[in-house]
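# Return a 3D structure for these sequence lines:
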Amino acid sequence: MKKFLSMLLVAMLAISIFGCAAPAAVEPAAEEPAAAATEAPAAEAAAEAPAADANLPLAGLKIGNTIVYKGDVWCALLAEEFEKQATALGAEITVEDGDLNAETQSKQIENMIARDVDVIFADPATFDGCTAAFEKATAAGIPVFTYDSAPSYEGIITHTGWDNVETGKMVGDYVLEWVKTNMADKLPARIILLGNYASEHCITREDAFMEVVNANPDALTVISRQDCEGNREKGANAVTNIVEPFDIVVSVVDNGAWGAVSAIEARGLTGVKVFCMGAYGDEPFRALRDSHPIYEACLIVDPAAIARITLDSYTKYVQGQTEFEKVTNIPLYICNTENIADFYSFPNG
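I've put the predicted structure just below:
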């Protein structure tokens, strides 16, 4: 009897033990709602952290940017492109106006270093005017990317620009062929050349243009070289003050070109044409589309492309790329009434 009772107690104990174990086996299923509840805050945190978004590769990064001169229409468009595109990538950016002054830009760069920016973009007014400031940035561990105007400083990561020698040569060759076609009976064509002597890359364009002129004295002659300082009013004044007859004005920048147009209109001159070594946007392109009687042609440089390539290079740098081409130049095109539709889509018709 004792043996039977002992066996019965063992069986009841076994039932008790395994009876408790069975619910434990299904506890994970019972806890699934709780697990899901803990995942929701994590998902919300991911949504609040844009750095994890592949579409925002520069999220949380601060870009310091000094551009050569916002008073130039093309540079103003480029500044807008940098701000728009960098913001779309998640970065915080401010594009400061260098006002054609290397000392001003150097101070801006030093202030950027003090603000602890993550990167410095620069369009320097002169080849070596910002070298000391660039060296300070490199010493502080801040990478330097340049665009438009290439500096002499070797410590940059990469440069995005347009070939200024090629610019002057392309415009020179175009003007040469234009005068041969349109002024064959009264060559050489008399040219006013508007420079921008505070900007060394503009001087490079002018010098390259002059090489074409000097190689073709029977077709081209420059009767006056003036400094428009990248300014419409000064470009207009320069053209207004030329008393001898002229056939063509060539400007290294579009502000100078439009200043020349206004002076030619004010003087009532007919048959005089204006050519520009660098332009972009609604104003020059509408003029070409509408066959402007004075503004004849321009070399076009897309500011969106320069901003895009510069930001793409920096994005690759952030993602770990260490090897870069020292210089990337965007393609250049001469634009006139006949081909403007190939290069520009007009907003609002």
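
# Contact partners for Ile113?
Ile120, Ala133, Lys136, Ala137, Ala140, Ile142 (CB atoms under 8 Å, 6 or more residues apart in numbering). For glycine as for every other residue, the C-beta is placed from the backbone atoms N, C-alpha and C.

# Assign it to helix, strand or coil.
When classified by DSSP: H, G, I helix; E, B strand; the rest coil, Ile113 comes out as helix.

# Correct me if wrong: Met112 contacts Gly64.
Yes. Counting by CB atoms under 8 Å, a contact exists between Met112 and Gly64, whose distance comes to 3.2 Å.

# which residues do these two both contact?
Both Met112 and Gly64 are contacted by Ile120, under the criterion CB under 8 Å, 6+ apart.

# Can you name the residues that contact the nearest residue to Ala266 once chain neighbours are set aside?
Nearest residue to Ala266 in three dimensions, chain neighbours excluded: Thr240, at 7.2 Å (CB to CB, 6 or more residues apart in numbering). Contacts for Thr240 (CB under 8 Å, 6+ apart) come out as Ala263, Ala266, Arg267.

# Neighbours of Tyr248, how many?
One correction, residue 248 is Ile, not Tyr. For Ile248, the count of nearby residues is 23 (other CB atoms under 10 Å).

# Okay, and the beta partners of it?
As for beta bridges, Ile248 partners with Ile191, Lys273 under DSSP bridges.

# Wait, it touches Val272, no?
Yes. In this structure, Ile248 is within contact of Val272 by CB under 8 Å, at 7.0 Å.

# Need the overlap of contacts for these two.
Common neighbours of Ile248 and Val272 (CB under 8 Å, 6+ apart) do not exist.

# Tell me the confidence at the residue lying closest to Ile334 once chain neighbours are set aside?
What sits nearest to Ile334 in space, not counting adjacent residues and going by CB to CB, 6+ apart, is Tyr174, at 4.9 Å. Listed pLDDT for Tyr174 reads 98.

# could you pull out the strands for the stretch 1-150 of the chain?
62-67, 92-97, 119-122, 144-148 (DSSP state E, counting those that start in this stretch).

# just the ones you listed: most buried one?
strand 119-122 (a mean of 26; mean count of other CB atoms under 10 Å).

# and that strand, what's its mean pLDDT?
98.

# What about the contacts of Ile113, which are in helices?
Judged by DSSP state H, the contacts of Ile113 include Ala133, Lys136, Ala137 as members of helices.

# Buried only: go through the contacts of Thr240 for me.
Ala263 (16 or more other CB atoms under 10 Å).

# got the contacts of Thr240 as JSON lines, with pLDDT and distance to Lys84 columns?
As requested, these are arranged in JSON lines below (pLDDT from 0 to 100; distance: CB to CB, whole Å):
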{"residue": "Ala263", "pLDDT": "98", "distance to Lys84": "34"}
{"residue": "Ala266", "pLDDT": "98", "distance to Lys84": "36"}
{"residue": "Arg267", "pLDDT": "97", "distance to Lys84": "39"}
